[in-house]
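S.K.: Give me the fold of what follows.
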Amino acid sequence: MPVYDLNGKVALVTGGARGIGFETARQMHARGASVAVVDLDADQAREAAERIGERALGIGADVTDAGAMLAAVAQAVERFGGLDLAMANAGIAPEGATTRTMPPEEWEKVIDVNLLGVWNTVRAALPQVSERNGQIVLVASVAAFMNGMMLSPYAASKAAVEALGRPLRVELAPFGASATVAYFGWVDTEMVRQGLDREQGGKRMQELLPKFFFKRIRVEEAGAAVVRGIEERAPRVSRRNGGATSPPCAASSTPFSTGASSAMPRSPAPCARPRQTPRQGPRPKSAASLARAGSRSTRSRCRWRG
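M.R.: Numbering: from 1, shown residues only. Next comes the predicted model:
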């Protein structure tokens with residue numbers, strides 16, 4: 001029995017016409033949720049909703065337009081009677097280039113979509129999500145904590161999305177609501193195929209780095225991981241693949257996985273030290289006391305050095 005039952009809930013997913021967004025929307029719908037599929041291309045949003053089936057609504061909206069996102073949420077509420085869950089998934093990636101050579105307008109566009117677009121989605125959905133004890137899902141990336149060479153605006157935006165998700169989880173807890181951050185590596189989406197297989201920067205990266213780093217997972221796996229995380233109200237979601245690892249210092253009593261604890265408002269600090277188990281037996285002597293107990297030659301050999 002899931003902690004959070006999707007049956008009868010209403011979800012809104014940005015970037016929902018394809019990839020991770022579409023697959024997550026489809027799987028939530030299969031569990032009984034009504035879904036609003038939001039995409040920049042209104043026709044593709046409607047086609048995606050038709051493929052999902054009844055209780056699905058396609059909405060055309062630009063996530064960088066705050067007013068458009070408020071209107072999208074209003075449409076979903078009018079159609080389904082409310083909104084329980086919002087997944088801020090829409091995002092773009094630049095063509096691989098160094099920070100020095102990337103056109104500034106391209107750098108800023110990635111931030112505009114990947115960070116401010118997430119903020120516009122969250123801001124529009126928060127009143128409904130708070131009122132209905134719902135959930136916010138933010139799609140970050142392993143690029144939030146790995147070296148984002150050749151993709152600096154993407155890495156910067158995803159790190160910021162992760163940083164937004166942490167306080168959101170704590171702030172939503174008094175309302176009985178929660179926030180989840182999803183981290184994936186290479187998912188076999190059109191955006192990844194374009195960036196790795198067709199663009200010169202991606203081809204060059206694959207020549208320089210080990211092959212295991214570029215192992216991809218299917219969108220079905222990524223969507224299933226997100227849905228499990230939602231059902232468990234997990235603080236974070238990941239589907240490990242060749243290049244995906246846990247965020248550095250993300251030590252807590254729960255693993256970095258979709259099986260993370262559903263307890264709220266647990267959101268450990270990024271470098272929280274793991275709780276140590278009580279020491280059994282007599283307390284061991286300090287290095288200094290052991291040195292004093294030894295011979296003069298031993299004390300000489302064991303002297304601490306700065």
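
S.K.: Just the element for the closest residue to Asn114 other than its chain neighbours, please.
M.R.: Among residues not flanking Asn114 along the chain, Ser157 sits closest, at 3.5 Å (Cβ to Cβ, 6 or more residues apart in numbering). C-beta coordinates here come from the backbone N, C-alpha and C atoms, glycine included. Secondary structure here is read from DSSP states H and E; on that basis Ser157 sits in helix 152-172.

S.K.: Correct me if wrong: Val10 contacts Ala76.
M.R.: Yes - between Val10 and Ala76 a contact is recorded at 6.5 Å, counting by Cβ atoms under 8 Å.

S.K.: which residues are in contact with both of those two?
M.R.: Overlap between the contact sets of Val10 and Ala76, as judged by Cβ atoms under 8 Å, 6 or more residues apart in numbering, is given by Ala36, Leu83.

S.K.: how about the helices in the stretch 1-150 of the chain?
M.R.: With DSSP state H, counting those that start in this stretch as the criterion, the stretch 1-150 of the chain has helices at 19-30, 42-52, 66-80, 104-111, 117-131.

S.K.: Any chance of the ones you listed in JSON lines with distance to Ala88 and mean neighbour count as columns?
M.R.: JSON lines is the format used below for those (distance: least, Cβ to Cβ, whole Å; neighbours: other Cβ atoms under 10 Å):
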{"stretch": "helix 19-30", "distance to Ala88": "10", "mean neighbour count": "24"}
{"stretch": "helix 42-52", "distance to Ala88": "16", "mean neighbour count": "18"}
{"stretch": "helix 66-80", "distance to Ala88": "10", "mean neighbour count": "18"}
{"stretch": "helix 104-111", "distance to Ala88": "14", "mean neighbour count": "14"}
{"stretch": "helix 117-131", "distance to Ala88": "4", "mean neighbour count": "21"}
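
S.K.: Pretty sure Gly81 sits against Gly8.
M.R.: No - distance between Gly81 and Gly8: 10.4 Å, which falls outside the contact criterion (Cβ under 8 Å).

S.K.: Just the pLDDT at Ser297, thanks.
M.R.: Per-residue pLDDT puts Ser297 at 42.

S.K.: Does Arg26 touch Gly223 like I think?
M.R.: Yes - taking contacts as Cβ under 8 Å, Arg26 lies within contact range of Gly223: 7.0 Å.

S.K.: Overlap in contacts, those two.
M.R.: Common neighbours of Arg26 and Gly223, using Cβ under 8 Å, 6+ apart, do not exist here.

S.K.: Need the mean per-residue confidence for stretch 108-117.
M.R.: In this model, stretch 108-117 has an average pLDDT of 98.

S.K.: Restricting to C-alpha, output it in CSV.
M.R.: Taking Å, rounded to 0.1, in the frame of the first residue of the first chain, the C-alpha atoms of stretch 108-117 are listed here in CSV:
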residue,chain,number,x,y,z
GLU,A,108,20.8,32.6,-20.3
LYS,A,109,18.1,30.8,-22.2
VAL,A,110,19.0,27.5,-20.5
ILE,A,111,18.7,29.2,-17.1
ASP,A,112,15.5,30.8,-18.1
VAL,A,113,13.8,27.5,-19.0
ASN,A,114,15.5,25.1,-16.6
LEU,A,115,15.4,27.3,-13.5
LEU,A,116,12.9,30.1,-13.9
GLY,A,117,10.5,27.7,-15.7
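
S.K.: For that stretch, which outside residues touch it?
M.R.: Stretch 108-117 is contacted from outside by 14, 63-64, 88, 90-94, 153-154, 156-158, 160-161, using Cβ under 8 Å, 6+ apart.

S.K.: In contact with Val137, which residues are there?
M.R.: Shown here is Val137, whose contacts under the criterion Cβ under 8 Å, 6+ apart are 85-89, 179-182, 226, 229-230, 237.

S.K.: go again using 7 Å as the cut-off
M.R.: Val137 makes contact with Leu85, Met87, Ala88, Thr180, Ala182, Val226, Ile230 under the criterion Cβ atoms under 7 Å, 6 or more residues apart in numbering.
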